[in-house]
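Q: any chance you could fold what I've pasted below:
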Amino acid sequence: MAEEKCEGIILKSYAYKETERILHLFTKDLGIIHLVIKHLSPRKPQRINLATPLCQGQYVLRKGKSDLFSFLDGSIIDLHLPLRQTLLTLETGGRMLRAIHDSQLPEKPAPLLYKLLSLYLKKLPLGPQTLLTSFQLKLLIHEGLISFEKPHLNYSGGTLTLNAEEWPILFLLAHGRDFETLISLSPSQELQKTVKDLFSSFIKN
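A: Purely as a prediction, here's the structure:
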């Protein structure tokens with residue numbers, strides 16, 4: 001089979017054999033694919049990093065007869081080291097990865113969602129809780145699961161009516177593109193929980 005080169009972010013990594021792992025890679029052009037990486041060793045730290053969740057890289061792969069790809073080579077784009085500095089940012093980044101993993105079908109391209117995840121992982125240390133709420137809302141919109149019609153947030157199970165204070169905050173979190181503006185927002189704990197519960201009702205996370 002021909003080699004393929006793709007950019008991707010590692011969502012999950014499972015030990016397979018002593019020096020092998022199975023990776024779930026969210027790629028820019030192919031969606032989520034599964035691949036095996038072999039010959040892992042402390043003497044090859046870059047290879048280990050390329051098999052670690054949160055790593056974003058360029059991966060050279062070959063697809064076999066099954067749906068499993070084989071890792072041939074790769075280079076690191078971003079290890080997202082700032083996310084690994086605190087437990088809060090690490091766990092929040094992990095929740096974003098799980099949200100993608102649990103909401104997307106294998107090999108279903110989602111280039112806009114890939115771009116969204118990449119941007120949010122880079123900005124996440126600036127405001128973990130607020131940006132997680134924003135990411136959850138945008139993912140639900142991407143999947144066509146919610147919509148906004150002032151003063152309502154509509155979803156398949158009904159309608160959530162927002163008050164005059166909640167509406168602009170939630171609307172900006174869902175549709176805003178400027179990260180300085182997003183980070184400056186201060187959704188209440190109650191509003192964050194509302195979004196979390198709504199998100200969990202659609203996507204196992």
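Q: from here on, contacts and neighbour counts on C-alpha atoms
A: OK.
Q: show me the shaky parts of this protein.
A: The model of the chain has pLDDT under 70 over residues 1, 204-205.
Q: quick check: longest strand of it.
A: For the chain, the longest strand by residue count, based on DSSP state E, is strand 3-15.
Q: helices of this protein, start to end?
A: Assigned by DSSP state H, the chain shows helices spanning 45-49, 87-103, 111-123, 128-142, 166-175, 179-184, 189-202.
Q: quick check: which of those is buried the most?
A: Ranked by mean neighbour count, the helices of the chain are led by helix 128-142 with a mean of 20 (mean count of other CA atoms under 10 Å).
Q: just how off-centre is that one within its chain?
A: Its chain's C-alpha centre and that of helix 128-142 lie 10 Å apart, by CA atoms, centre = their mean, to the nearest Å.
Q: could you give the angle of that helix to helix 111-123?
A: With axes from the mean of the first three to the mean of the last three CA atoms, to 10 degrees applied, the angle from helix 128-142 to helix 111-123 works out at 180 degrees.
Q: how much space between H152 and P109?
A: Counting by CA to CA, to the nearest Å, the gap from H152 to P109 is 31 Å.
Q: follow-up on the earlier one: CA-only coordinates of the longest strand of the chain in PDB, if you can.
A: Written as PDB, here are the backbone C-alpha positions of strand 3-15 (Å, rounded to 0.1, in the frame of the first residue of the first chain):
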ATOM      1  CA  GLU A   3       2.500   5.800   2.000                       C
ATOM      2  CA  GLU A   4       0.400   8.600   3.400                       C
ATOM      3  CA  LYS A   5       1.500  11.800   5.200                       C
ATOM      4  CA  CYS A   6      -0.900  13.500   7.500                       C
ATOM      5  CA  GLU A   7      -1.000  16.100  10.300                       C
ATOM      6  CA  GLY A   8      -2.700  14.900  13.500                       C
ATOM      7  CA  ILE A   9      -3.200  15.000  17.200                       C
ATOM      8  CA  ILE A  10      -2.900  11.900  19.400                       C
ATOM      9  CA  LEU A  11      -6.200  11.400  21.300                       C
ATOM     10  CA  LYS A  12      -5.400   8.100  23.000                       C
ATOM     11  CA  SER A  13      -2.500   5.700  23.300                       C
ATOM     12  CA  TYR A  14      -2.700   2.000  24.400                       C
ATOM     13  CA  ALA A  15       0.100  -0.300  25.300                       C
END
